[in-house]
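Asks: sequence first, predicted model second:
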Amino acid sequence: MRITLDDLTDPAVVALLEGHVSQLRSISPPESTHALDLDGLRAPGVRVWVARDGEAVLGCGALTEVRPGHGELKSMRTTPDARRRGVARAVLGEILAEARRSGLARVSLETGSDDFFAPARALYAAHGFTECGRSAAIASTRTAPS
């Protein structure tokens, strides 16, 4: 598996991200859908990593700096065929390593609180994120280790 920064021009990556936003909008209330669409992911200051096996896209994740020293994790997604293969763990690890290299002392994220999001919450908890709590979405945060 290779994880690299991406420019969001590969049709397979675009399809993965469009499917991500579409699915989240179909299962979450509008006020609890925090996924960035392609325009949001292409905005200045947003970096997107894509995991591939050869040319096959396996998953992705993004990081944006919301204020000095504080980043936010966005658009974590794994393709159905790549689930349970460590893709999300590897992408998250790469993003958190970059957060440290970039001097971010804190990384936050928002994810859903219903059962669909349980695997994501478990992944984030395993990486040191703690729930900050909200009714329809879970806001998590962790301090990037030095």
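Replies: Happy to help now that I have it.

Asks: contacts only, for residue 103.
Replies: The contact partners of residue 103, by CB atoms under 8 Å, 6 or more residues apart in numbering, come to residue 69. To be clear about C-beta, it is placed using only N, CA and C from the backbone, and glycine gets the same treatment.

Asks: please repeat the previous calculation with a cut-off of 6 Å.
Replies: Contact partners of residue 103, counting by CB atoms under 6 Å, 6 or more residues apart in numbering, are absent.

Asks: kindly report the same for residue 123.
Replies: With CB under 6 Å, 6+ apart, residue 123 has these contacts: residue 88.

Asks: wait, is it part of a helix?
Replies: Yes: with DSSP: H, G, I helix; E, B strand; the rest coil as the criterion, residue 123 is located in a helix.

Asks: so what pLDDT did it get?
Replies: pLDDT, residue 123: 89.

Asks: same check, this time on the one 3 residues further on
Replies: What the model reports for residue 126 is a pLDDT of 87.

Asks: before we move on, what about residue 85?
Replies: Per the predicted model, pLDDT is 92 at residue 85.

Asks: please apply the same query to the one 3 residues further on.
Replies: pLDDT, residue 88: 94.

Asks: check residue 62 too.
Replies: pLDDT at residue 62 comes out at 95.

Asks: check residue 117 too.
Replies: 80.

Asks: swap in residue 113?
Replies: Looking at residue 113, its pLDDT stands at 75.

Asks: enumerate every residue touching residue 52.
Replies: residue 2.

Asks: just checking: what are the partner strands of the helix or strand hosting it?
Replies: Using DSSP states H and E, residue 52 maps to strand 46-53. According to DSSP bridges, strand 46-53 has the following sheet partners: strand 2-5 (antiparallel), strand 56-67 (antiparallel).

Asks: dump those to CSV, plus distance to residue 18 and mean neighbour count.
Replies: Formatted as CSV, the strands paired with strand 46-53 follow (distance: least, CB to CB, whole Å; neighbours: other CB atoms under 10 Å):
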stretch, distance to residue 18, mean neighbour count
strand 2-5, 20, 12
strand 56-67, 12, 21
